[in-house]
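A.B. asks: Attaching a predicted model along with its sequence, questions to come.
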Number of protein chains: 2
Amino acid sequence: MPERDIQFLCDLAAQLRVDSIRCSTAAGSGHPTSSMSAADLMTVLFARHLKYDFDQPDAPLNDHLIFSKGHASPLLYSLYKAAGAISDDELLTFRKRGSRMEGHPTPRLPWVDVATGSLGQGLPVGVGVALAGRLERLPYRVWVLCGDSELAEGSIWEAVEHAGQEGLANVTLIVDVNRLGQRGPTRHGWDTGAYARRFGAFGWHTIEIDGHDPGEIDFAYSDAGNTRRRPTVILARTRKGEGVNEVENREGKHGKPVKDAERAISELGGPRDVTVTVARPGDGRGPRSFEGGSLKLPEFELGGQAATRSAYGEALTAVGAAMGQVVALDGEVADSTKAEEFAKAFPERFFECYIAEQQMVAAAMGLQTRGWAPFAATFAAFLTRAHDFIRMAGVSGSDIRLVGSHAGVAIGEDGPSQMGLEDLAMMRAVYGSTVLYPCDANQTAALVAELASAKGVCYLRTTRGDTPVIYPPGENFAIGGSRVLRRSPEDRATIVAAGVTVHEALAAADRLADEGVAVGVIDLYSVKPVDEAALREAAATTGTLVTVEDHRPEGGLGDAVQEAVSDLGPRVVRLAVRNLPGSAEPAEQLADAGIDRDAIVAVVKEL
Amino acid sequence: MPERDIQFLCDLAAQLRVDSIRCSTAAGSGHPTSSMSAADLMTVLFARHLKYDFDQPDAPLNDHLIFSKGHASPLLYSLYKAAGAISDDELLTFRKRGSRMEGHPTPRLPWVDVATGSLGQGLPVGVGVALAGRLERLPYRVWVLCGDSELAEGSIWEAVEHAGQEGLANVTLIVDVNRLGQRGPTRHGWDTGAYARRFGAFGWHTIEIDGHDPGEIDFAYSDAGNTRRRPTVILARTRKGEGVNEVENREGKHGKPVKDAERAISELGGPRDVTVTVARPGDGRGPRSFEGGSLKLPEFELGGQAATRSAYGEALTAVGAAMGQVVALDGEVADSTKAEEFAKAFPERFFECYIAEQQMVAAAMGLQTRGWAPFAATFAAFLTRAHDFIRMAGVSGSDIRLVGSHAGVAIGEDGPSQMGLEDLAMMRAVYGSTVLYPCDANQTAALVAELASAKGVCYLRTTRGDTPVIYPPGENFAIGGSRVLRRSPEDRATIVAAGVTVHEALAAADRLADEGVAVGVIDLYSVKPVDEAALREAAATTGTLVTVEDHRPEGGLGDAVQEAVSDLGPRVVRLAVRNLPGSAEPAEQLADAGIDRDAIVAVVKEL
């Protein structure tokens, strides 16, 4: 590299360090030292390798840069400034109320694909973006900047395995090995060989460099670009706080402004006004897409029996035929979730994620950044593995659809490890989420179609066993709706149920009717948002609601119902799973948990 | 090995296969084929290597055997039968209502340390048991049986890294590489070399064998036993359904009884009556333990300011001095959670888990199986990473204490990725859990002392910033209690708060009092179980409860309060975090979320 270029890169890197100090000092908090260690790495990337059009963040050929170490946001924003995307004034609003310059980057900034800050998530999501690139046959590259500390997260190794086995050469992981975590030294310090052995064993191309040497960095990026059929990891030895004696390579300097900012800036040669021109990706063919067609949902015969999980598989396949942007992912249980139907019909658009639920959700998040509409399925119980990713998907505003099968004690003999009993609580608490729990196959099919174009983090809960088909094919079910299945002026109470318990409620209502006790029944298939109007009407009319759910009493249907009606002051009695189930047949499980027809009849009689 | 011994091992293995078929056929469900692949591996273990006294499951010198592939429960129970621990009659109650022979093993059986069935958890927990062994200076060994499919779980690699770096030679992982997952072939099939490269890179001793050859298996176990300073993984090539033509090495045979059981049993040589004598560990010195002393909790001056997270650190150290069985774990943020105080005082009893929250919780689960009383801490937000482990800890009846710091929007500038806003919902829905959220430092200290001897999965939520000290040192706070902080006969409403919002509620009550409006205030520091009596009294007296929480509206304080009082029909108004926070100062965040003193005053006036 000519000396002139090296001088420019050093100047730019110094400016990034200065700006990282300036903005965190102005904020009174932030992570300048974690930014300074990676400044040279990002300088060379922006000046010589990244292809990105800041004016068109959605341009298909743009590269993707994910700051997995989201706390290095001062560096990212300083890069945006140097690239002309933001002003110095905006940079200095860092961490202030209302600013886009948040403590950790979020998609409030148009150049940020997903929110980071929970470590170990950037690579898994980046693998999803890379899968999209391959599906689209686009040559963009995915650059992920990680810290060394976060390599301890299991989610990283799920992603390393996924990318390695898929041979995703469009992924380049840059690890800023600055040796110091938040609390002190990392496990492996500057032993980049330890990391190289691990990545190498998973099939990655590995490069170990001095992360402050522009020439080595430049060579590594070129090497990564020239590597075929394997992802590349660049393990860069760096010093945290590089360039400023007060903080350089010292413990206890994580996540706080430098004390003497003026002196630090002067040590770095003072403020500069360097700008960097990031190369635009140029024009090229657009992304490959898949044809759609008209939607022909499966139809299940009224009065028959079918499992809602089977309806999911069939409906997903129908939606996949109608909408080319629909893709499906599964956690090695597609024969159980029934996503296998889709996999057979559209193998290119199906992603087997094996038993790695974090990676599955992350891949879905990555795919949706490129406009794909992912459905990701596993057992409801095992979605808890991906809770932190789901939470961050909410923060990111990701449009993803998660499907949890084998909900509740109704699965029967397999026992509590396989029962989703906490999933409604988990999913309801996610920002902006939608939570659906259908009770029959036609309803499931209709809701799958609704979900295909729904926004935010959406959840569909399905049941293992067959349930009666009580709705005719073709009936529409809106998100936020409900169905009143029994109602009469004589109702003494209204039973509110969803999923399997709808059928228990209907059976109980019939039995009570035989005994001269009228009760209403509401199918609350939309658990979030709930149909407040219907619930409030029932509460006002009968004065007593009995909620019945195949879920723990906390955070599920009962809580949703209660919040909707609380100011009307009805009596709300909750039936939910309060025991620790063992093995038993489905009907026995419902009885043991006190959520079956007998339990409903008994509680209504008591009232 | 003498021919006689080999014959015995083959006979025993055949019986285990026969019994796995018999019990799953009797149940009409279960996983015989996944049991049959590992039968030879377990035969050699029980007959020649395991040291275990079935009459004294808690004997300190017993080895520990964890079936990470919990679905191979037919094999485990068949082993128990062969070892004389259970009868054939009990074996045949497999998966029946009320039986201890559950679909997946749980500690209802005295020989099972923790419940398994959610894959990828056995090794992480086993690492915790091994850490206990090292702490206790006991020579017991930890044997973990995994499937190959579950090696895709990131939690496995967190454990592999942890055990490798700690050099836990007392861990032997046996991987039953039967090539077939639930849905079909695994990622690496029978390529045990692919796994060996990965484990080797993480510092493990690796052995690749034919998993149906008793001699090779025996040699591998001896080799593992003779290996120093490194854990060992035995990668055993096996065939799923080995021994029965109908199912052997065939796809689509997962998780179901064999069709023609009679023929299969005959193929295996028919039923046998082989018994195996498992060697007892013998006597030896007992576990090392640590001295306790009298409890001297830290004292914080009434009217001063202190962060509850700091109180946690100090109180934990005090409890550690008083109780030798207390141990602490942290996810590389001990300077933030303040567990570092304990780490400095009791370095032997502190376990740095780096940024691997699943492994941290699993290690805590493992440690408590040996009677240690673990406290494990990280940011509340990042405990969501370990949700599935926490759920299974509930199923296991594990006595663990989790501490989530940096709860809520009150952390301020760092933004939503670092804010625990879903943790109360997650923790409340766990079976048998306790959820505490103190508002001041003395209360925190008292609750830490309570937790040290509490049962089940316990959660303590702490706050980043300083809060006023409102309780005197030495005051007792029971789990399940609350404190009425303001009450008068004129109260028009009662504000129910916990943690930071208690101080907002008090400020609001004072301001309202100045304006002539009396309101009560309850500090509901025990979110589960809640103090129903106090809440019901307030509901009955004032008729209106205002809940205020630094948490999402779903699954937290508001839901807990509402359930406790619903039959009294009071008006319950909820203030909770409904927005998507950005960066801002703590007070600004509380205001933007509508949970500060102004918001409380406004809502009370509206009522």
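C.D. replies: Arrived safely.
A.B. asks: any idea what sits nearest the residue in the stretch 401-550 of chain A that chain B sits nearest to, other than its immediate chain neighbours?
C.D. replies: Nearest residue of the stretch 401-550 of chain A to chain B (Cβ to the nearest Cβ) works out as residue A:417 at 2.8 Å. Yep, even glycine has a C-beta here, placed from its N, CA and C like the rest. Excluding its sequence neighbours, the residue lying closest to residue A:417 (Cβ to Cβ, 6 or more residues apart in numbering or on different chains) is residue B:117, at 2.8 Å.
A.B. asks: just residue A:601 next, same as before
C.D. replies: By the measure of Cβ to Cβ, 6+ apart, the closest residue to residue A:601 outside its immediate chain neighbours is residue A:508, 4.9 Å from it.
A.B. asks: buried sites along the host helix or strand of that neighbour?
C.D. replies: In this assignment (DSSP states H and E), residue A:508 forms part of helix A:500-514. In terms of neighbour count (16 or more other Cβ atoms under 10 Å in any protein chain shown), helix A:500-514 has its buried residues at A:500, A:501, A:502, A:503, A:504, A:505, A:506, A:507, A:508, A:509, A:512.
A.B. asks: Also stretch A:244-256?
C.D. replies: Residues of stretch A:244-256 classed as buried: A:244, A:247, A:248, A:249, A:253, A:254, A:255 (neighbour count, 16+ other Cβ under 10 Å).
A.B. asks: if you average pLDDT over that stretch, what comes out?
C.D. replies: Across stretch A:244-256, pLDDT averages out at 96.
A.B. asks: Output the buried residues of helix A:500-514 as JSON lines; include the columns pLDDT.
C.D. replies: Shown next, in JSON lines, are the buried residues of helix A:500-514 (pLDDT from 0 to 100):
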{"residue": "A:500", "pLDDT": "98"}
{"residue": "A:501", "pLDDT": "98"}
{"residue": "A:502", "pLDDT": "98"}
{"residue": "A:503", "pLDDT": "98"}
{"residue": "A:504", "pLDDT": "98"}
{"residue": "A:505", "pLDDT": "98"}
{"residue": "A:506", "pLDDT": "98"}
{"residue": "A:507", "pLDDT": "98"}
{"residue": "A:508", "pLDDT": "98"}
{"residue": "A:509", "pLDDT": "98"}
{"residue": "A:512", "pLDDT": "98"}
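A.B. asks: Which elements pack onto the helix or strand hosting residue A:208?
C.D. replies: Per DSSP H and E, residue A:208 falls inside strand A:205-210. Contact here means 3 or more Cβ pairs under 8 Å, 6 or more residues apart in numbering or on different chains; DSSP states H and E; on that basis strand A:205-210 packs against helix A:192-201, helix A:214-226, strand A:232-237.
A.B. asks: what about the host helix or strand of residue A:77, average pLDDT?
C.D. replies: Element membership of residue A:77, judged by DSSP H and E, is helix A:73-82. Averaging pLDDT along helix A:73-82 yields 98.
A.B. asks: Against which helices or strands is the longest helix along chain A packed?
C.D. replies: For chain A, the helix that runs over the most residues, judged by DSSP state H, is helix A:3-27. Identification of packing neighbours for helix A:3-27 by 3+ Cβ pairs under 8 Å, 6+ apart yields helix A:32-36, helix A:39-44, helix A:73-82, helix A:88-91, helix A:214-226, helix A:261-267.
A.B. asks: when you compare where it runs with where helix A:73-82 runs, what's the angle?
C.D. replies: With axes from the mean of the first three to the mean of the last three Cα atoms, to 10 degrees applied, the angle from helix A:3-27 to helix A:73-82 works out at 120 degrees.
A.B. asks: Show me the shaky parts of chain A.
C.D. replies: Filtered on pLDDT under 70, chain A yields no residues whatsoever.
A.B. asks: quick check: domain ranges of it?
C.D. replies: Structural domains annotated on chain A: A:3-99+A:110-267, A:305-468, A:483-606, as defined by automatic domain parsing.
A.B. asks: Buried deepest among those, which one?
C.D. replies: Counting by mean count of other Cβ atoms under 10 Å in any protein chain shown, domain A:305-468 has the highest mean neighbour count of these, with a mean of 25.
A.B. asks: so residue A:386 touches residue A:360, yeah?
C.D. replies: Yes: judged on Cβ atoms under 8 Å, residue A:386 makes contact with residue A:360 at a distance of 6.9 Å.
A.B. asks: and the buried residues of helix A:500-514 as JSON lines, adding distance to residue B:333?
C.D. replies: Formatted as JSON lines, the buried residues of helix A:500-514 follow (distance: Cβ to Cβ, whole Å):
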{"residue": "A:500", "distance to residue B:333": "41"}
{"residue": "A:501", "distance to residue B:333": "41"}
{"residue": "A:502", "distance to residue B:333": "45"}
{"residue": "A:503", "distance to residue B:333": "47"}
{"residue": "A:504", "distance to residue B:333": "46"}
{"residue": "A:505", "distance to residue B:333": "46"}
{"residue": "A:506", "distance to residue B:333": "51"}
{"residue": "A:507", "distance to residue B:333": "51"}
{"residue": "A:508", "distance to residue B:333": "50"}
{"residue": "A:509", "distance to residue B:333": "52"}
{"residue": "A:512", "distance to residue B:333": "55"}
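A.B. asks: Just name the closest of the residues you listed to residue A:551, please.
C.D. replies: Using Cβ to Cβ, residue A:501 comes nearest to residue A:551 of those, at 9.3 Å.
A.B. asks: got the residues of the stretch 1-150 of chain A near chain B?
C.D. replies: For the stretch 1-150 of chain A, the residues in contact with chain B (Cβ under 8 Å from any Cβ of the partner chain) are A:27, A:29-30, A:70, A:94-99, A:101-104, A:106, A:108, A:115-120, A:149-150.
A.B. asks: and the one residue in the stretch 151-300 of chain A that gets nearest to chain B, what does it touch?
C.D. replies: Closest approach between the stretch 151-300 of chain A and chain B, counting by Cβ to the nearest Cβ: residue A:154, at 2.4 Å. By Cβ atoms under 8 Å, 6 or more residues apart in numbering or on different chains, the contact set of residue A:154 is A:120, A:358, B:153, B:154, B:155, B:156, B:157, B:158, B:356, B:358, B:359.
A.B. asks: does residue A:546 count as helix, strand or coil?
C.D. replies: Three-state assignment for residue A:546 (DSSP: H, G, I helix; E, B strand; the rest coil): strand.
A.B. asks: right, and it touches residue A:570 too?
C.D. replies: No: the criterion here is Cβ under 8 Å, and residue A:546 misses it with residue A:570 at 10.5 Å.
A.B. asks: before we move on, the earlier item: does the helix holding residue A:77 pack against any helices or strands, and if so which?
C.D. replies: Judged by 3+ Cβ pairs under 8 Å, 6+ apart, the packing partners of helix A:73-82 are helix A:3-27, helix A:32-36, helix A:39-44, strand A:64-67, helix A:88-91.
A.B. asks: Now do the contacts for residue A:19.
C.D. replies: For residue A:19, the contact set (Cβ under 8 Å, 6+ apart) comprises A:74, A:77, A:78, A:81, A:82, A:88, A:91.
A.B. asks: Not counting sequence-adjacent ones, nearest residue to the fourth one?
C.D. replies: Distance criterion Cβ to Cβ, 6+ apart; nearest residue to residue A:81, sequence neighbours excluded, is residue A:91 at 4.9 Å.
A.B. asks: residue contacts, the one you found?
C.D. replies: Residue A:91 neighbours (Cβ under 8 Å, 6+ apart): A:19, A:22, A:23, A:77, A:78, A:80, A:81, A:101.
A.B. asks: Taking those, tell me the two that lie furthest apart.
C.D. replies: A:22 and A:80 (14.1 Å).
A.B. asks: Give me every residue in the stretch 251-400 of chain A lying close to chain B.
C.D. replies: With the criterion set to Cβ under 8 Å from any Cβ, the stretch 251-400 of chain A comes near chain B through A:330, A:332-336, A:340, A:354-356, A:358-359, A:381-382, A:384-385, A:387-388, A:391-392, A:395.
A.B. asks: go again using 6 Å as the cut-off
C.D. replies: Residues of the stretch 251-400 of chain A lying near chain B by Cβ under 6 Å from any Cβ of the partner chain: A:332-335, A:354-356, A:358, A:384-385, A:387-388, A:391, A:395.
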